[in-house]
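In: okay, structure incoming, though there's no sequence with it:
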């Protein structure tokens, strides 16, 4: 008789076992959703950085297309901040800066640097901004 009552009590799940398994499932779900959220943030930050690198490269190309006499920080800043410039709209929360300096020595040349600061995850600044630098030299009739 003792055997039959013990066997009847052990059949199926009890409320405690069901509650523990539901708790384990909830914890796993929260951890999974947290990881997916971080992945989305990382993806967004990567896309923002890629877009910033493309815009920096486009800005360098636009500066190189200027005549030699117009390749100055003041003139080229109009490309960055001008009313017809698409850069602020494309970069969103990022900030871009442009600097052009004369390089000493023959041949005559100018160093063009573009820096784009991309916000990181959660609006914090990214560890390393996008920096592109090129050197330009006058060609043909543009030589001073």
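Out: Here it is on my side, so go on. All values reported here derive from a predicted model rather than from experimental measurement.

In: use CA for all of it now, contacts and neighbours both
Out: Will do.

In: for the helix or strand hosting residue 54, packing partners?
Out: Residue 54 belongs to helix 15-64 when assigned by DSSP states H and E. Contact partners of helix 15-64 among helices and strands, from 3 or more C-alpha pairs under 8 Å, 6 or more residues apart in numbering; DSSP states H and E: helix 73-81, helix 87-91, strand 109-117, strand 130-136.

In: in the sheet, which strands lie alongside the third one, parallel or antiparallel?
Out: When pairs are called by DSSP bridges, strand 109-117 turns out to pair with strand 95-103 (antiparallel), strand 130-136 (antiparallel).

In: what comes up buried for the longest one?
Out: Going back to what we said before, that points to strand 95-103. Applying a neighbour-count criterion of 16 or more other C-alpha atoms under 10 Å, one finds 96, 98, 99, 100 buried in strand 95-103.

In: any idea of the angle that strand forms with helix 73-81?
Out: If you take axes from the mean of the first three to the mean of the last three C-alpha atoms, to 10 degrees, strand 95-103 sits at 160 degrees to helix 73-81.

In: same list, the strands paired with strand 109-117, but as a markdown table with distance to residue 38 please.
Out: Listed next are these as a markdown table, based on distance: least, C-alpha to C-alpha, whole Å:
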| stretch | distance to residue 38 |
| --- | --- |
| strand 95-103 | 24 |
| strand 130-136 | 22 |
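
In: worst mean pLDDT among these?
Out: When the strands paired with strand 109-117 are compared on mean pLDDT, strand 95-103 scores lowest, with a mean of 86.

In: so which residues make contact with it?
Out: The contact list for strand 95-103 (C-alpha atoms under 8 Å, 6 or more residues apart in numbering) reads 71-73, 76-77, 80, 108-118.

In: try 7 Å this time
Out: For strand 95-103, the external contacting residues (C-alpha atoms under 7 Å, 6 or more residues apart in numbering) are 72-73, 77, 109-118.

In: quick one: which of these is nearest residue 20?
Out: residue 118 (44.7 Å; C-alpha to C-alpha).

In: my guess is the closest one contacts residue 92, does it?
Out: No - using C-alpha atoms under 7 Å as the test, residue 118 is too far from residue 92 to be in contact (9.3 Å).
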